[in-house]
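Asks: Structure for the following, please:
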Amino acid sequence: MPPRRAGKNTAPAVQADLFAPPPPAAPAMATPQPALRGAARQVAAPVLPPLPAVPPELWERLAFSRFRARFHLGARERAYLDNRGLPEVMAHAADFIASRLAPARPDKDGRQTPWRGHPVFIAQHATGTCCRGCVAKWHAIPAGQALDARQQAHILAVIQEWLKRQGDTPTPAPRPAPR
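Replies: Numbering: from 1, shown residues only. Coordinates of the predicted model:
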């Protein structure tokens with residue numbers, strides 16, 4: 001194997017999963033569970049720990065940004081949120097934040113968050129949590145260092161609060177197509 005060059009870190013940064021369930025305790029004697037099929041099988045949404053409160057000043061600052069204020073959940077994203085429920089969508093958000101935003105130098109930083117397709121993606125753009133540059137600007141969390149559990153919880157709290165606020169507002173009417 002050739003020697004590695006100095007300054008090149010080829011190993012991916014490993015971020016601990018913030019919301020992973022604790023490993024199950026080894027039972028003395030495991031009893032087999034019957035396999036459920038079809039509608040009888042339901043997947044329980046993971047339970048998230050309590051998130052910190054979001055300062056109201058953040059919402060005031062975001063309201064002054066015309067770019068951030070133009071984001072709203074569309075019909076598809078709202079239906080997805082209604083069908084899956086907020087706990088499951090927030091579990092997706094925790095996974096997105098841990099894998100795409102939490103590393104010190106995320107892959108494709110500045111382009112890692114799609115513009116549509118999931119309620120969390122839209123919430124990230126609306127709240128300034130879409131890339132490390134926006135997180136530094138809007139949330140005063142410096143770029144270049146991995147996000148710790150407290151910082152990830154803050155970002156998740158902001159996304160959750162935005163999604164709740166969007167759920168309380170009526171669906172905006174679609175714009176007519178230009179002629």
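Asks: Find me the pLDDT at residue 24, would you?
Replies: Residue 24 carries a pLDDT value of 61.
Asks: Contacts for the lengthiest helix in the chain, please.
Replies: Looking across the chain with DSSP state H, the single longest helix is helix 149-168. For helix 149-168, the external contacting residues (Cβ atoms under 8 Å, 6 or more residues apart in numbering) are 18, 48-49, 51-54, 58, 72-73, 78, 81, 86, 89-90, 93-94, 97-98, 101-102, 119-120, 123-124, 126-127, 129, 135, 139, 141, 147. All C-beta atoms are positioned from the backbone trio N, CA, C, and that covers glycine.
Asks: can we see that at 7 Å?
Replies: 18, 51-52, 54, 58, 72-73, 81, 86, 89-90, 93-94, 97-98, 102, 119-120, 123-124, 126-127, 129, 139, 141 (Cβ atoms under 7 Å, 6 or more residues apart in numbering).
Asks: mind listing which of the residues you listed are in helices?
Replies: Using DSSP H, the contacts of helix 149-168 in helices are 58, 81, 86, 89-90, 93-94, 119-120, 123-124, 126-127, 139.
Asks: in the longest helix of the chain, what counts as buried?
Replies: The neighbour-count check on helix 149-168 (16 or more other Cβ atoms under 10 Å) flags 151-163, 166 as buried.
Asks: Among those, which pair sits farthest apart?
Replies: Greatest spacing in the buried residues of helix 149-168, by Cβ to Cβ: 151 and 166 (23.1 Å).
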